[in-house]
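*Asks:* What shape does this take:
(chains A and B)
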Amino acid sequence: MEYKFSEIEEQIKKFWSDKNIYRVGDAESGKPKYYVLDMFPYPSGAGLHVGHPLGYIASDIYSRYKRMKGFNVLHPMGYDSFGLPAEQYAIQTGQHPAITTEQNIKRFREQYDKMGFCFDWSREVKTSDPEFYKWTQWIFIQLFNSWYNNSTDKAENISSLEKIFTTEGNANVKAAHAEVKIFSDNEWKNFSESEQQEILMRYRLAFLSEAYVNWCPALGTVLANDEVKDGVSERGGYPVERKLMKQWMLRITAYAERLLSGLNDLQWSESIKEAQRNWIGRSEGASAKFQIADSKLQIEVFTTRPDTIFGVTFLTLAPEHELINQITPDSHKKEVEEYVLYAKNRSERERMTEVKKITGVFTGAYAIHPFTGKQIPVWIGEYVLAGYGTGAVMGVPGHDSRDYGFAKYFNLEIIEVVKPIPDPFPKEGRNTGATNSLPLGESRSGAEAFEGEGKNINSAFLDGLKTADAKKKVIDEIEKNKIGERKINFKLRDAVFGRQRYWGEPIPVYYDENNIPRVVDENDLPIRLPEVDKYLPTETGEPPLANAKNWKYKNKFEFEKTTMPGWAGSSWYLFRYMDPHNKNAFAGKDKLDYWKQVDFYIGGSEHATGHLMYFRFWTKFLKDLGLVHIEEPAKRLVNQGMIQGVSQMVYFSKAEMKCYSTDLLRNSFENYNWTYADVNLVDAKGNLDIEKFKSWKPEFAEYKFQLNEDKKFICATAVEKMSKSKYNVVNPDDIIEKYGADCFRMYEMFLGPVEMSKPWDTKGIDGVNRFLRKLWKLFYSDDGKWLVTNEAATNEELKILHKTIKKVEDDIEKLSYNTSVSAFMICVNELTDLKCHKAEVLKDLLLILSPFAPFTTEFLWQEMKQGGSIVTTEFPKVREELLVKNSFEYPIAINGKTKTKITFALDKEISTIEKEVLDMEILKKYFEGRAPKKIIVVKGKMINVVV
RNA sequence: GCCCGGGUGGUGGAACUGGUAGACACGCAGGACUUAAAAUCCUGUCGCCCGAAACGGCGGUGCGGGUUCGAUUCCCGCCCCGGGCACCA
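*Replies:* Here you go, the predicted structure:
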């Protein structure tokens, strides 16, 4: 019988679906749980390319393996189906994004099914489904109704805060909040309703706030920080500018400390953890207030180097700083206003690309140094960011490179206050670890700012102290004199949550008769996305939802018109899979208790600072409310690498109207132009199908094609990202059609470690294809006879089998799938050599191979009449006793170079081995008459003789 | 600039915790089968040198040093590639 994978796949697919084999139960299964999750895909119109399934295959193998190991495995799939592309398409064509999205989901589903993934589709979720976004809105309401209590270090209901305000005011409240004035209980009671609500808004975890946001005019919406890369939008690459806008935001900064410390215990890749640490950007230091001369005003700065305070020669304010107007004397108003205007009109992009450019202006005002009493000038500079710290810095040009650059440029005073301590034990050729340290005796004059640690000079009471001690001492002084306080700052900013877009979850907020924002009643959820006749903003610049007719809460109140960002639904979806059809809660308590958290999460590293941050934030929030019992959503995270494309290029000369086979050009490429050729027009050996190329790119129809000596036309290649525009996309459907799903799955794994990026090269797939055919031949002869016998297996055969079981088991745990595929190949090669067709061996081989090649193994399992399904059968146990070795072939090295091999029993005395080795005749010639100095015997490893 | 990864044959990659570098494949070369092709099977395949062959010699894991009986693996200093962050006080 021939190996006809497409028939097998059809038959087995039906077998599984008839048996409902992938249906996953909950606690009643009586088994320990294991939760494997793939990152939520956005169903794009392009479908999947060969790179996407990499992670899915890896998680699928793991899920199948865990299931065979006795776990109740949850391995669900769904869609993050709100998003920009469908909406952009809607704007262009008028087609409702829901329709486009549905079509794309259908296509994704077809592709998933072909690959034989063990998803339990009865648990499928879609973020754009009202049954799903009802709970996204519900969580938003909880965020709105919560504040973060820094004393208990958790989120609490806003009512507890109101109670405190009523009994004692806000003076002693430790909370994450925007700037508020201190008020007493009586004052609170006398505030109007809207004043009270205005204050509460400054404490809520979901809040409306006026802030500088990333505005993207081309997309017509604001973006969160992680959605902006290099000053342009991550999606589409459109310019982004800073704009002051009233926006819904989430107070993720309240969780900064927990988001940071929680990283330590996670089994995530170091690079992702580092990316998150940098993004959170915790720094310790102090705030200090500088009095403005002849004024009651003070300017507060934040610094991580309070020990350098005696080196302060100026202050710099961000152009957006709110005190600028008040401190600037009339004499300097004009220049200052001009400068502020200039800075304001510079886009984020310009600012970023011109980082080196130094700009600034003197305000005309002076501040008083809190310790020396000296007057120092107050400047405005673009290098100071409004959103970080206090928006003002103390200029220490001696010990900060930016301050140094600024001072040099504007000719401001520079004072040295920290001297580096020379390394007393300099190690030759070694990095001492100290940054910027100078060799002993070298002077610092004319050098740049020294940013390292050292000893204080020119610093009054700090003189002679080492940096760490000076910091401590100066902060004590600062606090004692009420100049400022010890402070921790974070780079992390609150997340902009509203989007001026149509295709997203409506924010469940309305505005009452006093225009106070209120969340809707939970019983009114979901607030459905209304129909609109066009998806663009209104003529008055309102978001698309303002186009909806008769869309009012309780028929009279205006709804909020912005929608939630793409990452809203994906911030909590892990819980919905546990209980996807629950009508009364986002997930039932019993389900949450059983499934707890994701044990194994797999997805791309591009989500390091976006999704993975919000995902953790929402989980922590839900935990604070007692709704879930876990602090972190995913214990172990693996980032699959990218599968790159191999682009094919044709070199040509326009003048000659001629294309050249690449091997003819050698080193003269620069004299020619090139153009992409679709990878599908090039055969496995790099040979271009010229006729097809001509009809694909008609502008080359009249060109001559210069072939090489073998009468071939060879394309140049480059490894690049797989993308439509590079014509290097390989579609998994084509591969599956040609080689079958099992072969596709195994080949993707065989390509290399899951975490690494690598180019897709279809050529290599033949190796895996041959392997599957060889496997088949252990079961069927060429003329279709069933070969499997019930003969007892020999020791040698069992050894081969159990060696493979052990290897595969270890490899799966380590996700080293490429080496398990090798192990299978070795096993089948060895069994083929022994002509082994014994059921005893083959049955276990099928079992261990089944997570990789589920279709073929299930088919053969059924042919072997083993009963049940291979999917639900137990993973075979290694019989270690078969693998015990009693002798070892030692490599014998002379001075570390292997010369020969000798076998010794493993329990042989080392001293006996030493003696025997030294007496060996073949080794004598290597000694060249010298007496061996030393012999090293490492049991079971090797022997080395030193002469 | 800073922070993470990574660099091994023509190609993808393997090598436990410092112990035989190049497993397993692809490709290539040669051969068998065939009228022929496909498929399949066999042999060889890191480089150089000697040789009829060797279970001969030398070199070799980006480069230069070091530690060690022994280094792809550990340490120091560089180079290159990929990714992230980027005036964060």
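*Asks:* Where in chain A is the helix or strand with the lowest mean pLDDT?
*Replies:* helix A:348-353 (a mean of 70; mean pLDDT, DSSP states H and E).
*Asks:* Beyond it, next helix or strand please.
*Replies:* Sequence order places strand A:360-368 as the next helix or strand after helix A:348-353, per DSSP states H and E.
*Asks:* Show the subsequent helix or strand relative to that next one.
*Replies:* Assigned by DSSP H and E, the successor of strand A:360-368 is strand A:375-381.
*Asks:* Now residue A:869: closest residue in space that isn't a chain neighbour?
*Replies:* Distances taken as C-beta to C-beta, 6 or more residues apart in numbering put residue A:21 closest to residue A:869, at 5.6 Å, once the chain neighbours are dropped. All C-beta spots, glycine's among them, are computed from the backbone N, C-alpha and C.
*Asks:* where's the one you found relative to RNA strand B, distance?
*Replies:* Look at residue A:21 and RNA strand B: by C-beta to the nearest atom of the strand, to the nearest Å, they are 30 Å apart.
*Asks:* Let me know how buried that residue is, in neighbour terms.
*Replies:* Using other C-beta atoms under 10 Å, residue A:21 has 16 neighbouring residues.
*Asks:* contacting residues around it?
*Replies:* Neighbouring residues of residue A:21 by C-beta atoms under 8 Å, 6 or more residues apart in numbering: A:118, A:869, A:871, A:872.
*Asks:* element containing it, please.
*Replies:* Residue A:21 belongs to no helix or strand, assigned by DSSP H and E.
*Asks:* Just the local confidence number for it, please.
*Replies:* You'll see residue A:21 listed with a pLDDT of 93.
*Asks:* quick one: it from residue A:753, how far?
*Replies:* Distance, residue A:21 to residue A:753, by C-beta to C-beta, to the nearest Å: 30 Å.
*Asks:* can you list the weak-confidence ranges in chain A?
*Replies:* Where chain A drops to pLDDT under 70, the residues are A:347-349, A:352, A:355, A:422-447, A:666-668, A:684-685, A:928-929.
*Asks:* From the chain's centroid, how far away is stretch A:325-345?
*Replies:* Its chain's C-alpha centre and that of stretch A:325-345 lie 42 Å apart, by C-alpha atoms, centre = their mean, to the nearest Å.
*Asks:* can you pull the buried residues of it?
*Replies:* Residues A:327, A:328, A:332, A:336, A:339, A:340, A:343 are the ones in stretch A:325-345 that count as buried (16 or more other C-beta atoms under 10 Å).
*Asks:* From the residues you listed, which land in helices?
*Replies:* In helices, judged by DSSP state H, the following of the buried residues of stretch A:325-345 are found: A:327, A:332, A:336, A:339, A:340, A:343.
*Asks:* Within range of RNA strand B, give me the residues from the stretch 801-947 of chain A.
*Replies:* Contact residues, the stretch 801-947 of chain A versus RNA strand B (C-beta under 7 Å from any atom of the strand): A:816, A:818-819, A:821-822, A:825-826, A:829, A:889, A:891, A:893, A:895-901, A:926, A:934, A:936, A:938, A:941-942, A:944, A:946.
*Asks:* Which of the residues you listed fall in strands?
*Replies:* A:889, A:891, A:893, A:897-901, A:934, A:936, A:938, A:942, A:944, A:946 (DSSP state E).
*Asks:* Among those residues, which one is most surrounded by other residues?
*Replies:* residue A:944 (20 neighbours).
*Asks:* List the residues that contact it.
*Replies:* The contact partners of residue A:944, taken as C-beta under 8 Å, 6+ apart, are A:892, A:893, A:894, A:895, A:896, A:935, A:936.
*Asks:* What is the neighbour count of residue A:541?
*Replies:* Residues within reach of residue A:541, counting by other C-beta under 10 Å, total 9.
*Asks:* Would you tell me which helix is longest in chain A?
*Replies:* For chain A, the helix with the greatest residue count under DSSP H is helix A:795-814.
*Asks:* Can you point out the buried residues in that helix?
*Replies:* Neighbour-count burial for helix A:795-814 flags A:797-798, A:800-809, A:811-812 (criterion: 16+ other C-beta under 10 Å).
*Asks:* Against which helices or strands is it packed?
*Replies:* Judged by 3 or more C-beta pairs under 8 Å, 6 or more residues apart in numbering; DSSP states H and E, the packing partners of helix A:795-814 are helix A:53-68, helix A:817-833, helix A:839-849.
*Asks:* burial of the closest residue in space to residue A:754 that isn't next to it in sequence, as a residue count?
*Replies:* Excluding the flanking residues, the one nearest residue A:754 by C-beta to C-beta, 6+ apart is residue A:58, at 4.7 Å. For residue A:58, the number of neighbouring residues by other C-beta under 10 Å comes to 25.
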